[in-house]
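**Q** only geometry, no sequence info:
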């Protein structure tokens, strides 16, 4: 039963699924092309907008919540020392108004802005920064954001020589620099110190906490939360930012985020004008014609944000527990995975699932990432005959003449793919993979689960393969150790390895380690390209397509700054506004 202000549906998005963690790609500058609709009007102070989101945060504490909804909550109610502009990929001063860097590239000295206060009126000082890093690295907290800030395997050293100065020391020079902390919100020491001292920081600001207990440095405060229905954000009157004319931000008085988990319902509500913008994703290709018709009538605008950075992927269970089952030994072979990639027609997925609004891909970094994209391809792109040869190398042949493949014991070559229930693009893609592998002699069973079910299966290692997606919260591959390194929590196919389980994973570890310490961009591009070539050869995860990102906003919305990453329009919500009357 829903309860406003305090209650939450606990969304079990732990251990990486539906998370914001893969901090690895530089977007191409958003096209920001308006497709149909009227030109954007001038912003006006005041008013309300309604956005949709497909999930809600399980807690109000960003340090222990790595979900997309938790990231959205942080964007709206909290603030970091520095911010990566999601539209331009430039590093901007935020709570810190300026910084300097030492000659050896290891020390940054940041000056905090004067006059900044938390939403409850308490002034910000360097003590809050020291407290936030203490919480980040406290082993009792097990903060989900901590690992992304490590340099050369060591945490950042943070000092405060005076109330308005912060010094951050890195264990080694890092090309990422202060980008390491752009997703780290600075939290109020006066609100949370007692919880940290008591070893209960992870429970602080939980689903049962009164909203009045929460204080932030962001543009809004959370004023109401009705589980499964909506989150209501009201403007923070103490927010520190102003626009170029000196007008205090945010422009909006209220931003309501309605929880709409079903994509069909979300599209219909957007088309009917009940929602001003969709906060957790682009419009689906199958919905484009309907949206375009309404845009041509002037009721909404469509914005082309370019090729997406967050492709779905099919990964296989290569964990030791799964390897102990002798019945699926062929499922863990490189030849089998290469055969799967070879059998699938990516162009068919582009045209059928995405109606042409996508591009074929083979590795994690998409063409939307102009700085880091490398045109890496596997040895076989689409060839059913070659796929059958690869399956034969894995021990699978047609032993009874029925056109389907069997293993050496005569058992059918059969495995299951789990994907997200209700996510039509993922389900339709897996259905196409199923059909195309059937033509190559492999039987695929589809298992559709809700997000919590997928997480449980993945956490237990109880699956053959999964088709899901990851989200980029930043852009540089060097900021994604949790994916690339074999020890990473989000090394999907076999996470948290004490030492590399294979020579090829050790090779990626070595390439990535060299990548993050190299100082020349050309060297870093070469090294990450080499790591992708290893992935394209071994294929523990297979990438098929990356869609073009088209965003929809109502005619009431002005000052939208599109970005390819979720939340594409709410990452800069303080400048969103309602159109002024004409």
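**A** Sure, I can see it. As the structure is a prediction and not an experimental result, all values here were calculated from the model.

**Q** nearest residue to residue 96 other than its sequence neighbours?
**A** residue 110 (4.0 Å; Cβ to Cβ, 6 or more residues apart in numbering). Yep, even glycine has a C-beta here, placed from its N, CA and C like the rest.

**Q** the one you found reaches residue 101, doesn't it?
**A** No. Residue 110 is beyond contact range of residue 101, at 10.2 Å (criterion: Cβ atoms under 8 Å).

**Q** neighbour-wise, which of the two wins?
**A** Each of residue 110 and residue 101 has its neighbours counted (other Cβ atoms under 10 Å); residue 110 has more, 23 against 13.

**Q** look up how far residue 126 lies from the more buried one.
**A** Computed as Cβ to Cβ, to the nearest Å, the residue 110 to residue 126 distance reads 9 Å.

**Q** cool, and residue 188?
**A** Taking Cβ to Cβ as the measure, residue 188 and residue 126 are separated by 13 Å.

**Q** same question for residue 511.
**A** Distance, residue 511 to residue 126, using Cβ to Cβ: 38 Å.

**Q** repeat that for residue 456.
**A** Distance check for residue 456 against residue 126: by Cβ to Cβ, it reads 42 Å.

**Q** same deal with residue 461?
**A** Counting by Cβ to Cβ - residue 461 and residue 126 are separated by 44 Å.

**Q** comparing the two, which residue is more hemmed in?
**A** Set residue 461 next to residue 126 and count neighbours by other Cβ under 10 Å: residue 126 wins out with 21 against 15.

**Q** so which helix or strand takes in the nearest residue to that one once chain neighbours are set aside?
**A** In space, residue 126 comes closest to residue 160 once its chain neighbours are excluded; the distance is 3.5 Å by Cβ to Cβ, 6+ apart. Residue 160 is part of strand 157-162, with elements assigned from DSSP states H and E.

**Q** would you map the helices across the stretch 351-500 of the chain?
**A** Per DSSP state H, counting those that start in this stretch, the stretch 351-500 of the chain carries helices over the ranges 384-393, 424-439, 451-460, 481-484.

**Q** now the longest strand seen in the chain: mean pLDDT?
**A** What stands out as the longest strand in the chain, according to DSSP state E, is strand 545-554. Mean pLDDT, computed over strand 545-554, is 91.

**Q** and it, what other elements does it pack with?
**A** Identification of packing neighbours for strand 545-554 by 3 or more Cβ pairs under 8 Å, 6 or more residues apart in numbering; DSSP states H and E yields strand 277-278, helix 288-296, strand 300-307, helix 346-352, strand 358-360.

**Q** what pairs with the helix or strand following it, parallel or antiparallel?
**A** Counting by DSSP H and E, the element after strand 545-554 in chain order, helix or strand, is strand 557-558. Applying DSSP bridges to the sheet, strand 557-558 is found paired with strand 577-579 (antiparallel).

**Q** residue 508: which element?
**A** Using DSSP H and E, residue 508 sits within helix 503-517.

**Q** is it true that residue 156 touches residue 170?
**A** Yes. Using Cβ under 8 Å, residue 156 makes contact with residue 170 at a distance of 6.4 Å.

**Q** more neighbours, those two?
**A** Just comparing residue 156 and residue 170: by other Cβ under 10 Å the higher neighbour count belongs to residue 170, 24 against 20.

**Q** re the thing from before, got any residues that touch both of residue 156 and residue 170?
**A** The overlap between the contact sets of residue 156 and residue 170 (Cβ atoms under 8 Å, 6 or more residues apart in numbering) is empty.

**Q** quick one on the thing from earlier: how far is the helix or strand just after the helix holding residue 508 from where the chain is centred?
**A** Downstream of helix 503-517, the first helix or strand assigned by DSSP H and E is helix 521-538. Put simply, helix 521-538 sits 21 Å off its chain's centre (Cα atoms, centre = their mean, to the nearest Å).

**Q** go on, stretch 321-333?
**A** Taking Cα atoms, centre = their mean, one finds the center of stretch 321-333 at 30 Å from the center of the full chain.

**Q** residues making contact with it?
**A** Stretch 321-333 is contacted by residues 316-318, 336, 393-396, 407, 411, 413, 415, 461, 464 when judged by Cβ under 8 Å, 6+ apart.

**Q** next step: those residues restricted to strands.
**A** 316, 415.

**Q** out of the contacts of stretch 321-333, which end up buried?
**A** 316-318, 336, 394-396, 407, 413, 415, 464 (16 or more other Cβ atoms under 10 Å).

**Q** just say helix, strand or coil for residue 56.
**A** Using DSSP: H, G, I helix; E, B strand; the rest coil, the three-state assignment for residue 56 comes out as coil.

**Q** could you shift the numbering so residue one becomes 231, and keep it that way?
**A** Yep, numbering from 231; the last one is residue 286 now.

**Q** tell me the confidence at it?
**A** Residue 286 is given a pLDDT of 91.

**Q** so it makes contact with residue 452?
**A** No. In this structure, residue 286 is not within contact of residue 452 by Cβ under 8 Å, at 11.1 Å.

**Q** can you check which residues contact both of those two?
**A** Contacts common to residue 286 and residue 452, judged by Cβ under 8 Å, 6+ apart, are residue 461.

**Q** neighbour count for those two, which is higher?
**A** With neighbours defined as other Cβ under 10 Å, residue 286 and residue 452 compare such that residue 286 has more, 25 against 21.

**Q** how close does that one sit to residue 278?
**A** Distance, residue 286 to residue 278, by Cβ to Cβ: 19 Å.

**Q** just residue 798 next, same as before
**A** Residue 798 is 20 Å from residue 278, where distance means Cβ to Cβ.

**Q** more neighbours, these two?
**A** For residue 798 versus residue 278, neighbours defined as other Cβ under 10 Å are more numerous around residue 798 (25 against 15).

**Q** what's the distance between that one and residue 775?
**A** For residue 798, the distance to residue 775 - Cβ to Cβ - is 19 Å.

**Q** same thing with residue 287?
**A** Counting by Cβ to Cβ - residue 287 and residue 775 are separated by 30 Å.

**Q** what's the answer for residue 451, then?
**A** 40 Å.

**Q** kindly report the same for residue 761.
**A** Taken as Cβ to Cβ, the span from residue 761 to residue 775 is 21 Å.

**Q** next: residue 606.
**A** 15 Å.

**Q** the more surrounded of those two?
**A** residue 775 (23 against 20).

**Q** which residues are in contact with the more buried one?
**A** Contacts of residue 775 by Cβ under 8 Å, 6+ apart are 541-542, 576, 579-580, 583-584, 588-591, 659.

**Q** got those as JSON lines, with pLDDT, neighbour count and distance to residue 748 columns?
**A** Shown next, in JSON lines, are the contacts of residue 775 (pLDDT from 0 to 100; neighbours: other Cβ atoms under 10 Å; distance: Cβ to Cβ, whole Å):
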{"residue": "541", "pLDDT": "90", "neighbour count": "21", "distance to residue 748": "26"}
{"residue": "542", "pLDDT": "93", "neighbour count": "21", "distance to residue 748": "30"}
{"residue": "576", "pLDDT": "97", "neighbour count": "20", "distance to residue 748": "32"}
{"residue": "579", "pLDDT": "96", "neighbour count": "20", "distance to residue 748": "35"}
{"residue": "580", "pLDDT": "95", "neighbour count": "20", "distance to residue 748": "34"}
{"residue": "583", "pLDDT": "92", "neighbour count": "24", "distance to residue 748": "38"}
{"residue": "584", "pLDDT": "90", "neighbour count": "21", "distance to residue 748": "36"}
{"residue": "588", "pLDDT": "92", "neighbour count": "23", "distance to residue 748": "32"}
{"residue": "589", "pLDDT": "95", "neighbour count": "19", "distance to residue 748": "28"}
{"residue": "590", "pLDDT": "97", "neighbour count": "18", "distance to residue 748": "29"}
{"residue": "591", "pLDDT": "96", "neighbour count": "23", "distance to residue 748": "25"}
{"residue": "659", "pLDDT": "96", "neighbour count": "23", "distance to residue 748": "36"}
